[in-house]
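1. Here's my sequence, what's the structure:
(one chain, ligands or ions: 1)
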Amino acid sequence: MKKNYKKSFKYLEQSRKLIPSLTQTFSRAAYTFVEGAYPVYAAKGTGSHFVDVDGNEYIDYLCGLGPIILGHKYTQVDKAIKEQLKDGILFSLPHKLEIDVAELLCKMIPCSEMVKFSKTGSGAATGAVRGARAITKRDKIAYCGSGGVWHDWYACIISRNRGVPEFNNDLILPFDYNDIESLEYIFEKHPSQISCVFMEPTIFEKPTNSFLQKVKKLARENGSVLIFDEIVTGFRLANGGGQEYFGVEPDIAVLGKGIANGMPLSAVVGKSEYMKVFDDVFFSTTYASETLSLAAARATINEFKEKSVIKKMWKNGNMLMNQFNIISQEQGLDIMLTGYPVRMRLTCNDDKGNDSILMKSLLIQEMVTRGIFMHPGVEYISFSHSVEDVNKTIKSYNDAVLIVKKAVRENKVESYLKGKPIRSVYTVIKPSEKKLAN
Ligand SMILES: Cc1ncc(COP(=O)(O)O)c(C=O)c1O
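-> Here you go, the predicted structure:
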């Protein structure tokens, strides 16, 4: 069971000299896991599993940070990429695949009548906000989400905010999920100034009291564009994303992650009356017409259409969540998988109900040792995850939880750690406007 991470650690040392923050994506950096007791470099993957550079194999609950929605090395998608590669990658003219994928998206995503492709979720979100600003001739945005690092405007509400012009801070006004008054407050305080309400339809918390419907109504009444960030919820909650799942259509939505099973593609989609703004607004990148990703997207979307992708992910995710939480309860530990079966949140609280980084570090350390790769915050499931994967995960949790329990009982959790406790990538530092005022 003991794993050897020799190559991983060697490459990590090399990266210290070459790569700021050790990797290209903060969320993949060694310090976000249990550094010293966790693999650092991946080598290859198949289905729901991946293998690290030292040859250790894992069931993957991070799925490439979400995009690997069908599974690693998924036959139909890989075949489509290889086929397209025979014809070339990127051309001096547009490619018909742009139309094919746009048509598929318009059939699948409720608000989608027109589509602009981009390469990253950040790029699409940035474009969508710019479009809304151009349409409304207003600069401010009301924001509700995980406070992500994905847009330069947003970077001023999280801890890693250096380098963002001060004035951006005045342009982003956060509101709280399920607190409609916190959005009303923004509209009252900044009348006729809010270009868009930009939000994730859900993160882990479920909307209550018709929250999303009320948000839409408020946006309408105040002449603001409603934008859903469906980069995670798209292709995950339902074929048509959060907007289909919750029955609330935004004016514009941004998609990414699962859209092409790991190939770099994102999209701004929406009603034509809004999307037409991009006839003029300069939202454009050299690589948006790159055909391998578009071919991958076409194959991915066709899989969603033809197979019960969503149904299977929900079913297996549900099974995992339920069994996991029952074990925790039986052991008397406040370790839970909450949120949605297709996007779960791992929480570990101590006996006083406080979030325990040490307990969480120990838990994921013990899981990874048993071949289960978990993230300290969010767990994703893919179409390739099987009932056997879930059973193996539960079996491993049954063993791992006993070690955590013992460590908690002995009040020595830290001494059970074979590496450094996990560190979070960022924290949200700007509270909602309403909270700021109180
Ligand atoms: C909700 C959400 N929006 C946007 C992004 C940014 O996407 P990308 O990392 O592709 O730029 C992310 C990335 O994790 C995200 O989770």
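2. just the strands in the stretch 301-438 of the chain please.
-> Ranges of strands in the stretch 301-438 of the chain, per DSSP state E, counting those that start in this stretch, are 334-340, 343-349, 372-373, 378-380.
3. Now do the contacts for the nearest residue to residue 416 once chain neighbours are set aside.
-> Of all residues not flanking residue 416 in the chain, residue 407 sits nearest, at 4.4 Å (Cβ to Cβ, 6 or more residues apart in numbering). Where C-beta positions appear, they are placed from N, C-alpha and C, glycine not excepted. By Cβ atoms under 8 Å, 6 or more residues apart in numbering, the residues touching residue 407 are 359, 362, 413, 415-416.
4. Report the contact partners of the residue in the stretch 301-438 of the chain positioned nearest to the ligand.
-> Across the stretch 301-438 of the chain, no residue is closer to the ligand than residue 378, which sits at 8.9 Å (Cβ to the nearest ligand atom). Going by Cβ under 8 Å, 6+ apart, residue 378 touches 62, 339, 343-346.
5. Over to residue 370?
-> 1, 396, 399-400.
6. What pLDDT is listed against it?
-> Residue 370 is assigned 98 on the pLDDT scale.
7. How about residue 149?
-> Predicted confidence (pLDDT) for residue 149: 57.
8. Could you check how many residues crowd around residue 245?
-> 18 (other Cβ atoms under 10 Å).
9. Now do stretch 412-419, average pLDDT.
-> pLDDT averaged over stretch 412-419 gives 97.
10. Buried residues, that stretch. List them.
-> Burial within stretch 412-419, assessed by neighbour count using 16 or more other Cβ atoms under 10 Å, is assigned to 413, 416-417, 419.
11. now swap in stretch 268-278 and tell me
-> Judged by neighbour count using 16+ other Cβ under 10 Å, the buried positions of stretch 268-278 are 268-271, 274-275, 277-278.
12. again with stretch 160-168
-> 161, 164, 168.
13. Filter those down to the ones in helices?
-> Under the assignment DSSP state H, those contribute residue 168 to helices.
14. Now tabulate the buried residues of stretch 160-168 in TSV and tack on distance to residue 48 and pLDDT.
-> Output for those, formatted as TSV (distance: Cβ to Cβ, whole Å; pLDDT from 0 to 100):
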residue	distance to residue 48	pLDDT
161	36	86
164	38	87
168	40	88
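15. how far away is residue 232 from residue 293?
-> Per Cβ to Cβ, to the nearest Å, residue 232 is found 18 Å from residue 293.
16. Give me the more crowded residue out of those two.
-> residue 232 (29 against 26).
17. for the ligand, what are the nearby residues on the stretch 151-300 of the chain?
-> Within the stretch 151-300 of the chain, the positions near the ligand by Cβ under 6 Å from any ligand atom are 200, 229, 231-232, 256.
18. which of the contacts of residue 370 are buried?
-> For the contacts of residue 370, a neighbour count by 16+ other Cβ under 10 Å gives the buried set as 396, 400.
19. tell me the pLDDT at residue 167?
-> Note on residue 167: pLDDT of 88.
20. Over to it: give its phi and psi.
-> Residue 167 adopts backbone torsions of phi -60, psi -20, taken as degrees, to the nearest 10.
21. Could you report the separation of it from residue 153?
-> For residue 167, the distance to residue 153 - Cβ to Cβ - is 10 Å.
22. now residue 56: how far from residue 296?
-> For residue 56, the distance to residue 296 - Cβ to Cβ - is 28 Å.
23. again with residue 230
-> For residue 230, the distance to residue 296 - Cβ to Cβ - is 18 Å.
24. repeat for residue 16
-> To residue 296, residue 16 is 33 Å away according to Cβ to Cβ.
25. Name the residue in those two with the higher neighbour count.
-> residue 296 (26 against 10).
26. ok, how many other residues are close to residue 2?
-> 5.
27. pretty sure it contacts residue 369?
-> Yes: using Cβ atoms under 8 Å, residue 2 is in contact with residue 369, at 7.1 Å.
28. Looking at this structure, which residue is nearest the ligand?
-> Taking Cβ to the nearest ligand atom, the chain has residue 121 as its residue nearest the ligand, at 2.2 Å.
29. Now that residue: closest residue in space, sequence neighbours ignored.
-> Nearest residue to residue 121, sequence neighbours excluded (Cβ to Cβ, 6+ apart): residue 256, at 3.4 Å.
30. Hmm, residue 262 and the one you found touching each other?
-> No: here residue 256 does not reach residue 262: they are 11.2 Å apart, not a contact under Cβ under 8 Å.
31. so where do the helices sit in the stretch 201-350 of the chain?
-> Residue ranges of the helices in the stretch 201-350 of the chain, as given by DSSP state H, counting those that start in this stretch, are 211-221, 241-246, 272-275, 291-306, 309-331.
32. which residues are contacting the third one?
-> Judged by Cβ under 8 Å, 6+ apart, the contacts made with helix 272-275 from elsewhere in the structure are 113-116, 131-132, 135, 225, 251-252, 268-269.
33. which of those residues are buried?
-> Neighbour counting over those (16+ other Cβ under 10 Å) leaves 113-116, 131-132, 135, 225, 251-252, 268-269 as the buried ones.
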